[in-house]
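>>> Sequence unavailable; structure follows:
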């Protein structure tokens, strides 16, 4: 078994254990393998171990990998900051976009998604920690933005995503994730929406995220290892 396969097995075991502790089915949480900066060969190893959904942050890198691995029938999720001038390749090449943080981006994705493709699944990114360095709308803006994005053609607003402030404090982790869940519940109540996705939780905090209702956890380091930041 390769190290990536072994790591995937370990992460899936963590998800299953967290779901058991939360009284949830393990099938209620999807594992998104964050493959940004890792080569196509690493993605191929993960795919051979049964992983199908991969998250990427950089448009050109993702496009290159998707082309090289086209025969594997993988599902590509864009999870990084998205600039207006980069929306077309994302609209055309991805199944999901988790990082929609303003209406302008959603409008461009809707306009550029070809009718030959299925609806583009999108999540509204919410800044639950209030950090100035983080993208995302405020929780208070969530209802209004969800209403506007949900009315656009070619998109299917699925739910919310967040990247919380890193902390080893489990209680603080859970409070931040709970704020995202409460925002989704408010949207579903006030707008009579049926948002079903909470994209939250990474390698260091996926257990807390699952306890607060995560349906997609985005895991990179625990699967692929530490990235080399010296190059």
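Yep, it's here. As the structure is a computational prediction, the values presented were derived from the model and not from experiment.
>>> Name the helix or strand for residue 123, please.
Following DSSP states H and E, one finds residue 123 within strand 120-125.
>>> For that strand, which strands pair with it and how are they oriented?
Partners of strand 120-125 in the sheet, by DSSP bridges, are strand 96-100 (parallel), strand 155-161 (parallel).
>>> Most tightly packed of those?
Highest mean neighbour count of the strands paired with strand 120-125: strand 96-100, a mean of 26 (counted as mean count of other Cβ atoms under 10 Å). For the C-beta atoms, the positions are set from N, CA and C on the backbone; glycine is no exception.
>>> mind listing the strands for the protein?
30-34, 53-56, 75-78, 96-100, 120-125, 155-161, 197-199, 216-219 (DSSP state E).
>>> Need those strands in JSON lines (columns: distance to residue 177 and mean pLDDT).
Formatted as JSON lines, these follow (distance: least, Cβ to Cβ, whole Å; pLDDT from 0 to 100):
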{"stretch": "strand 30-34", "distance to residue 177": "16", "mean pLDDT": "98"}
{"stretch": "strand 53-56", "distance to residue 177": "18", "mean pLDDT": "98"}
{"stretch": "strand 75-78", "distance to residue 177": "19", "mean pLDDT": "98"}
{"stretch": "strand 96-100", "distance to residue 177": "15", "mean pLDDT": "98"}
{"stretch": "strand 120-125", "distance to residue 177": "14", "mean pLDDT": "98"}
{"stretch": "strand 155-161", "distance to residue 177": "11", "mean pLDDT": "98"}
{"stretch": "strand 197-199", "distance to residue 177": "8", "mean pLDDT": "98"}
{"stretch": "strand 216-219", "distance to residue 177": "11", "mean pLDDT": "98"}
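>>> In JSON lines: those, plus distance to residue 208.
Output for these, formatted as JSON lines (distance: least, Cβ to Cβ, whole Å):
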{"stretch": "strand 30-34", "distance to residue 208": "16"}
{"stretch": "strand 53-56", "distance to residue 208": "19"}
{"stretch": "strand 75-78", "distance to residue 208": "21"}
{"stretch": "strand 96-100", "distance to residue 208": "19"}
{"stretch": "strand 120-125", "distance to residue 208": "19"}
{"stretch": "strand 155-161", "distance to residue 208": "16"}
{"stretch": "strand 197-199", "distance to residue 208": "12"}
{"stretch": "strand 216-219", "distance to residue 208": "10"}
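>>> between these, which one is nearest to residue 169?
Residue 169 sits nearest to strand 216-219 of all those, at 18.8 Å, using Cβ to Cβ.
>>> what's that closest one packed up against?
strand 30-34, strand 197-199, helix 206-211 (3 or more Cβ pairs under 8 Å, 6 or more residues apart in numbering; DSSP states H and E).
>>> Need the contact partners of the first one.
Outside strand 30-34, the residues that touch it by Cβ atoms under 8 Å, 6 or more residues apart in numbering are 8, 11-12, 15, 43, 46, 51, 53-57, 77, 79, 199, 202, 215-220, 223-224.
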